[in-house]
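[1] Would you be able to build a 3D model of this:
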Amino acid sequence: MTETLLRGRVLSFHDEPLEGDASSEAFTYIEEGALLIRDGKIVAMDSYEALRLGEGRNVEVIDHRPHLIMPGFIDCHIHYPQMQVVGSYAGALLEWLDKYTFVEEQKFSNQGHPERIASAFFDELIRHGTTTAAAYCSVHKASVDAFFTESHKRNMRMIAGKVMMDRNAPPNLLDTPQSGYEDSKALVQKWHGKGRQLYAITPRFAPTSTPEQLEMSGTLVHEFPQLHVQTHLGENPAEIAFVAELFPWSRDYTHVYEHYGLLGSKTLLGHCIHLTDAEIGSIADSKSVAVFCPTSNLFIGSGLFDLGRLTKSNVRNAIATDIGGGTSYSMLRTLDEGYKILNIQGQRYHPLRSFYQVTLGNARALSLDNVIGSFKQGAEADCVVLNAGATAAMRVRMETVETLVEELMLLQTMGDDRSIAEVYVAGKASKTALD
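    Alright, predicted model coming up:
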């Protein structure tokens, strides 16, 4: 049996590093390392010499020295139908949705459009080192079929779902409580667990769903408790005021989702910027996940995510690009903007903490750390190869870099898709295959 041995400097986290702690208790870093892969799974992470000398092995060695090999990046909130609205000039959230997003998403009823965008979308993920994402499709079943067909073809570990919305959007973007339920259920049965595909129950957000639709979303959660739930929460003050008008009986925005049974350990709540203490308590108690979307929050002007406040209350968290409110597919660019948002609030985002988050941290947020996010034995072999000297400016800066932590900080500050030397999806080289 042929095995693949990736040679290079290897880094994998097995716990969240403490602030400012560069010791190896939370991670394993091997300078002269290697990663042994068989049938798309991790067999071992060790020194190159130890793995090269294994008895009776027919091993294909791929030498990535001096680059850094890490688990593939994970994006916990992204909209694949919004590729063509990135960088659109508009006001705050609700205007941006009406002027650009809803207009663009209507195109997904056109034959051939979902397939074309899905292909381009996965190309961009791979170019930027992202091997898993939690994605929103459009309201159309065809958008989900196109997404999962492309993902399955590439053997990528993906989470996605049909957006459900039955009010406050253009007529041809609306479903009904019943059709949203039936379409979602059919898509669950068709795609969930097919290869590496996972389905997410996806009510867009409270303003675009009636109480009846949220009730049906809760029914889906009850019928399929193994599924993820994804929606938006507390992104914009006008959005929050709108929710209060639509659901006058609710204590707060979070209470709407809580009331309909949509909170839980597999619930991903995009943004979570403007929250009361009571809402933070509800999110923490339910073990739901608050998803930090830095480039989107800055671009749309939504506000500053207060990670420190949330972590003090034991709220689970993740980080994401939020394309197309977000402005880059790169988790490196996302980390850079996240660092700035936290720094301006007097909070620290240590480079080890950053790279933990986009690998094992986000895998834990998705409850998928048993299969992705690290190089533990038996994990799926999704890997990214990072080149900290990808540009002339980076090479000059690298002349003074002396530690792994400094290199990681350089990567998140100056890196982008050019810093991604290669991407492996289930052990298969995928970025160079795009060229």
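
[2] what does the lowest-mean-pLDDT helix or strand in the chain contact?
    Scoring the helices and strands of the chain by mean pLDDT, DSSP states H and E places helix 93-96 at the bottom, with a mean of 86. Contact with helix 93-96 is made by Ser88, Ala90, Glu235, Asn236, Ala238, Glu239, Phe242, Ile300, Ser302, Gly325, as judged by Cβ atoms under 8 Å, 6 or more residues apart in numbering. No exception for glycine: its C-beta is placed from N, CA and C like everyone else's.

[3] and which of those is nearest to Ile117?
    Checking these against Ile117 with Cβ to Cβ, the nearest one is Ser88 at 15.7 Å.

[4] Give me the number of neighbouring residues for that closest one.
    Look at Ser88: counted by other Cβ atoms under 10 Å, it has 17 neighbours.

[5] Please tell me I have it right and it contacts Leu97.
    No - with contact defined as Cβ atoms under 8 Å, Ser88 does not count as touching Leu97 (10.6 Å).

[6] Please list only the buried members of the contacts of helix 93-96.
    Ser88, Ala90, Glu235, Asn236, Glu239, Phe242, Ile300, Ser302, Gly325 (16 or more other Cβ atoms under 10 Å).

[7] Look up which helix or strand the residue nearest the centre of the chain falls in, please.
    For the chain, the residue nearest the mean C-alpha position is Asp75 (1.5 Å; Cα atoms, centre = their mean). Under the criterion of DSSP states H and E, Asp75 resides in strand 73-79.

[8] packing partners for that strand?
    In terms of contacts (3 or more Cβ pairs under 8 Å, 6 or more residues apart in numbering; DSSP states H and E), strand 73-79 is packed against strand 130-136, strand 267-271, strand 289-292, strand 316-319, helix 331-344, helix 362-365.

[9] would you list these in a markdown table and tack on mean neighbour count, mean pLDDT and distance to Pro248?
    Below are those laid out as a markdown table (neighbours: other Cβ atoms under 10 Å; pLDDT from 0 to 100; distance: least, Cβ to Cβ, whole Å):
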| stretch | mean neighbour count | mean pLDDT | distance to Pro248 |
| --- | --- | --- | --- |
| strand 130-136 | 28 | 99 | 27 |
| strand 267-271 | 27 | 99 | 22 |
| strand 289-292 | 27 | 99 | 25 |
| strand 316-319 | 24 | 99 | 30 |
| helix 331-344 | 21 | 98 | 33 |
| helix 362-365 | 26 | 99 | 32 |
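
[10] could you pull out the helices for the stretch 201-350 of the chain?
    211-223, 237-246, 253-259, 277-286, 294-300, 307-312, 331-344 (DSSP state H, counting those that start in this stretch).

[11] Now do the first one: which elements does it pack against?
    The one in question is helix 211-223. Right, helix 211-223 is packed against strand 163-164, helix 177-191, strand 197-203, helix 253-259 by 3+ Cβ pairs under 8 Å, 6+ apart.

[12] How about the fourth one?
    When contacts are defined as 3+ Cβ pairs under 8 Å, 6+ apart, helix 277-286 packs onto helix 253-259, helix 307-312.

[13] Only the C-alpha atoms, please, for the longest one, written as CSV.
    Spelled out, it's helix 253-259. The C-alpha trace of helix 253-259 is given here as CSV (Å, rounded to 0.1, in the frame of the first residue of the first chain):
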residue,chain,number,x,y,z
TYR,A,253,-33.1,38.8,20.4
THR,A,254,-31.5,35.6,21.7
HIS,A,255,-34.7,34.7,23.5
VAL,A,256,-36.4,34.3,20.1
TYR,A,257,-34.1,31.5,19.1
GLU,A,258,-34.2,30.1,22.6
HIS,A,259,-38.0,30.0,22.5
